[in-house]
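Chemist: Sequence and predicted structure are below.
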Amino acid sequence: MKTFTPKPADLTHDWYIIDATDVVLGRLSVAAANLLRGKNKPSFAPHADSGNYVIIINADKIALTGDKMDKELYSHSGRPGGLRRDSYAELLKNKPERIIMHAVKGMLPKNKLAKVQLTRLRVFAGAEHPHTAQQPQVFEIEQVSQQAK
């Protein structure tokens, strides 16, 4: 039996929406990364771009477990003195999108295809998003944070 390799004409990009209210950051990131890579499709191939578009809403209501509120997220601009350090508590108030983008980026493979797949991720702090015309399917994450209960 020959190995199935999807052709570019076979690849479709569906739209999914995930509500991040009281969902643990790691569980949300795994679900989003799997959808972005297209691992939910039977025609998945690691080298082909069969990924989907993912919209994450209510990013400001995400659950952070453990002592992540005290930890810091580092980034560097590439310029001298360009190290930036922000705490998760500060980012959760000001830019919760950055926390989710960083977590999902870490769960994608480290190659050129991951950069293309990461551009299909849309994260919004509130419940409103401008992609209603694409008619996204709701992707439900059953297990929510124990602290939220």
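Modeler: Sure, I can see it. Numbering: from 1, shown residues only.
Chemist: would you list every one of the helices in this structure?
Modeler: All helices of the chain, identified by DSSP state H, fall at 25-37, 88-94, 96-107, 112-118.
Chemist: most packed of the ones you listed?
Modeler: Among these, helix 25-37 has the highest mean neighbour count (mean count of other Cβ atoms under 10 Å), at a mean of 21. C-beta: built from backbone N, CA, C; applies to glycine.
Chemist: Now find how far off-centre that one is within its chain.
Modeler: Averaging C-alpha positions (Cα atoms, centre = their mean, to the nearest Å) puts helix 25-37 5 Å from its chain's average.
Chemist: circling back to that earlier point, and of the helices of the chain, who's closest to Phe124?
Modeler: Proximity to Phe124 (Cβ to Cβ) singles out helix 96-107 among the helices of the chain, at 7.2 Å.
Chemist: residues making contact with the closest one?
Modeler: Residues outside helix 96-107 that contact it (Cβ atoms under 8 Å, 6 or more residues apart in numbering): 20, 25-26, 28-30, 32-33, 36, 56, 59-60, 62, 64, 73, 86, 88, 91-92, 114, 118, 121, 123-125.
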